[in-house]
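A.B. asks: Here is a sequence together with a model predicted from it:
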Amino acid sequence: HRVDRRQRQMCIRDSNKYQFLETILSARGKLWIFYQGQLAETNEAVQPSSAVCDLVDILTEYYGLSTQDLMTKHPLQSYHKNYFVGNKRYKNYNLFQCEIARRLQESQIQGSRIQKPLWWSRGDRLLLEWSESVEIDDLIQFVKNPQKYFVRNILQLRLNTLEDVVDEKEPFSISGLENYSLTQTLIETVCHVELVEPERLYEQYKAKGVLLGGAVGRHNFESYLQKASNYKTVYKQICLDAGEKIDDTIIEQQVGLDAQTCVKISGVLGNQHKNAQVIFRVGELDGKTFLAVWIQHLVLNTVQPKKTYLIYGKDQIQCKVFQPEHVELSPLSEWLAWFQKGQQQPSTLITEPAFSYVLQLHTSRSKKSPGEMALETLVAEIDKNHQPELRLLCRNFSQSELNELLNDSFQQICERLIDPIWSALL
């Protein structure tokens, strides 16, 4: 049996090589082979498949071609200067990306960021009209990560991260993001069914391909199910006050920013119960979750006064309750105004440092000031590349220049809009 298995494996390899050879022979004028040559985060080189390596070796050894003639190494970013200096190998016809490359090059030549419009400004084109209508999902995405929203939605840039790199190896563990998504989905499933059938749930998730195979997958599922059961215990107690689950709430409301300006906010809010909305968050509470839930609470209360329950926790399940009267502490109109400003230029709201700032305001024993804690969080976010969009906007910033980002406007958001909510929940 071992010999047969080896023969089958050899046949598969030979078949793959033959198909590759057929592809080469089918080419008429030119043959282009593309592969990802390095990781976006570490710049570590990634080799192509063995068939491509063999082809390159044959061409260099028997046909006298150099690897420089055969291979072109493209930059990771489409606005790299190499695409706009007349090199025939690198071509990019996007005028906006060319303008970004030019602004970046100007800044590097002069040794500092010049007083001309910043590279992201697009000149007059970025001075957009204030939106008369705002989608709830857009507002939530903004408060969770204003810099990401600006880069993706306003500048129309999407930065590659390690999550975009497909690993061809068989996984032996579930990544952090997949683990979070699986646990979140399982919790919502378990909490909203009266009778849990573990074996049936296991087969369903196994069929979806989200669990590892064998005993490891079974063990992981049981641990997820135990965590979901803990959430369900808290959820059942909350339902005594929140009431039965109802359909999603459709929102379409006018919100006044000032005496002359109104904005229509529209969308759909889920997780609705008769007397409240109940939201789950796997893991510890962070800034983006806190502000996203607060926005949902504000929007819901434009329709009718309701509580919002936020159930969260990693080892110990906790609950925060947002009351209808809390909406006066941090009005929706002010968040919409910041949202509108955040479409003109990168917002001074940096969510996780802002949340660290507010938490530090209520920490009496620490020697660090709120500003120092916010700066520490900001540096960590950039160094660990948790926010590639923030890292792009802050490229080449010194420590003192990073500290300038946490200016009076930043502190105003923290102390005027975020701290009143947090203080009311303590």
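C.D. replies: Looks like it came in fine.
A.B. asks: Could I get the buried residue list for stretch 223-243?
C.D. replies: 224-225, 227-228, 231-232, 234-235, 238-239, 242 (16 or more other CB atoms under 10 Å). Placement of C-beta: from N, CA and C, glycine included.
A.B. asks: Give me the contacts around that stretch.
C.D. replies: Under the criterion CB atoms under 8 Å, 6 or more residues apart in numbering, residues 182-183, 186-187, 189-191, 196, 198, 201, 273-278, 280, 282, 307, 309, 311, 317, 319 lie in contact with stretch 223-243.
A.B. asks: quick one: average confidence on stretch 404-416?
C.D. replies: Stretch 404-416 comes out with an average pLDDT of 89.
A.B. asks: Can you list the buried residues in it?
C.D. replies: The neighbour-count check on stretch 404-416 (16+ other CB under 10 Å) flags 405-406, 410-411, 413-414 as buried.
A.B. asks: Which members of these occur in strands, if any?
C.D. replies: Of the buried residues of stretch 404-416, none are assigned to strands by DSSP state E.
A.B. asks: where does the stretch 101-250 of the chain dip in pLDDT?
C.D. replies: 107-130, 160-180, 193-196, 209-210, 212-213 (pLDDT under 70).
A.B. asks: what about the strands in it?
C.D. replies: 133-135, 249-256 (DSSP state E, counting those that start in this stretch).
A.B. asks: Show me what the longest one is packed against.
C.D. replies: The one in question is strand 249-256. strand 262-269, helix 287-300, helix 332-341 (3 or more CB pairs under 8 Å, 6 or more residues apart in numbering; DSSP states H and E).
A.B. asks: Out of these, which gets nearest to residue 207?
C.D. replies: Nearest to residue 207, of all the helices and strands packed on strand 249-256, is strand 262-269, at 28.7 Å by CB to CB.
A.B. asks: In the closest one, which residues are buried?
C.D. replies: 263, 265, 267, 269.
A.B. asks: and if you look at stretch 289-302?
C.D. replies: 289-301.
A.B. asks: Equivalent analysis for stretch 387-403, please.
C.D. replies: Across stretch 387-403, burial judged by 16+ other CB under 10 Å covers 387-394, 397, 403.
A.B. asks: now those residues in CSV, with secondary structure?
C.D. replies: Supplementary listing: the buried residues of stretch 387-403 in CSV, determined by DSSP: H, G, I helix; E, B strand; the rest coil:
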residue, secondary structure
387, coil
388, helix
389, helix
390, helix
391, helix
392, helix
393, helix
394, coil
397, coil
403, helix
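A.B. asks: nearest to residue 81, of those residues?
C.D. replies: Checking those against residue 81 by CB to CB gives residue 392 as the nearest, at 15.3 Å.
A.B. asks: Hmm, residue 159 and the closest one touching each other?
C.D. replies: Yes: counting by CB atoms under 8 Å, residue 392 does reach residue 159; the two are 6.6 Å apart.
A.B. asks: shared neighbours of those two, anything?
C.D. replies: With CB under 8 Å, 6+ apart as the test, residue 392 and residue 159 both reach residue 151.
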